[in-house]
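Chemist: Only the shape, not the letters, is given here:
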């Protein structure tokens, strides 16, 4: 199995996001008919796992200017971590040897906004399923209330989004014996990142390896 080290995978994502944000991407080259046939015959070997939010404004392959077979993408509202998401990361890491996992949140996340609203103005929620999402975001957000941040709603949301990303990344690092073992012994890296809806840029800010400077592509 030809494993791409986490540091190289991170550099690829950074380079791809730079292309996207500066509109230098070439979608045709990465979703071609030839590439589709190649993957159908040879199988997949994604170089990164992305646990991202389901928000329609954050299409992961486009944001990172990647194509068919490049990324193993898990999307769920609020980029929360539940057992099925942990299992999906385990599957990609073990089955395909993928050594970079990115928890990708984004500015003004609706799930985070809904959680803040519920904490500030509690009200009965009609959907039990929606409540489970809010409950998973809540621990990362509730400690920010009462700190003075609530006087500046935009700043509160910014900090809450990042706190939720950190919590999800930490859950992945410590919520699975398999993932813990791969981190300890086999080069798996779990990082947190935030996508800006306004600029199109991704900021990798949590859990970066010491030698995280991009490699020239």
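Modeler: In hand now; what should we look at? Since we're looking at a predicted model, the values are computed, not measured.

Chemist: Hmm, residue 48 and residue 13 touching each other?
Modeler: Yes - using CB atoms under 8 Å, residue 13 is in contact with residue 48, at 6.1 Å. C-beta coordinates here come from the backbone N, C-alpha and C atoms, glycine included.

Chemist: shared neighbours of these two, anything?
Modeler: Residues within reach of residue 13 and of residue 48 at once, by CB atoms under 8 Å, 6 or more residues apart in numbering, are 100, 102.

Chemist: The two: who's more crowded?
Modeler: When residue 13 and residue 48 are compared for neighbours, residue 13 comes out ahead with 28 against 25, by other CB atoms under 10 Å.

Chemist: In contact with the more buried one, which residues?
Modeler: 48, 64, 66, 100, 102, 202, 204.

Chemist: could you say which helix or strand contains it?
Modeler: helix 6-21 (DSSP states H and E).

Chemist: And the average pLDDT for that helix is what?
Modeler: Mean pLDDT, helix 6-21: 97.

Chemist: Which helix or strand in this structure has the lowest average pLDDT?
Modeler: Least confident helix or strand, the chain: helix 27-30 with a mean of 59, by mean pLDDT, DSSP states H and E.

Chemist: Give the next helix or strand downstream of that one.
Modeler: Following helix 27-30 in sequence, per DSSP H and E, is helix 33-42.

Chemist: Going by neighbour count, list what's buried in that next one.
Modeler: Within helix 33-42, no residue counts as buried by 16 or more other CB atoms under 10 Å.

Chemist: Also stretch 149-159?
Modeler: Applying 16+ other CB under 10 Å to stretch 149-159 flags 149, 156-159 as buried.

Chemist: so can I have a markdown table of those residues showing secondary structure?
Modeler: Shown next, in a markdown table, are the buried residues of stretch 149-159 (DSSP: H, G, I helix; E, B strand; the rest coil):
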| residue | secondary structure |
| --- | --- |
| 149 | helix |
| 156 | helix |
| 157 | helix |
| 158 | helix |
| 159 | helix |
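
Chemist: Any chance of CSV for those, columns distance to residue 33 and pLDDT?
Modeler: Listed next are the buried residues of stretch 149-159 as CSV, based on distance: CB to CB, whole Å; pLDDT from 0 to 100:
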residue, distance to residue 33, pLDDT
149, 51, 89
156, 48, 96
157, 43, 96
158, 42, 97
159, 45, 97
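
Chemist: Can you tell me which of those is nearest residue 185?
Modeler: residue 159 (34.1 Å; CB to CB).

Chemist: I'd like to know which of the buried residues of stretch 149-159 is nearest to residue 115.
Modeler: Among the buried residues of stretch 149-159, and counting by CB to CB, the member closest to residue 115 is residue 157, at 10.3 Å.
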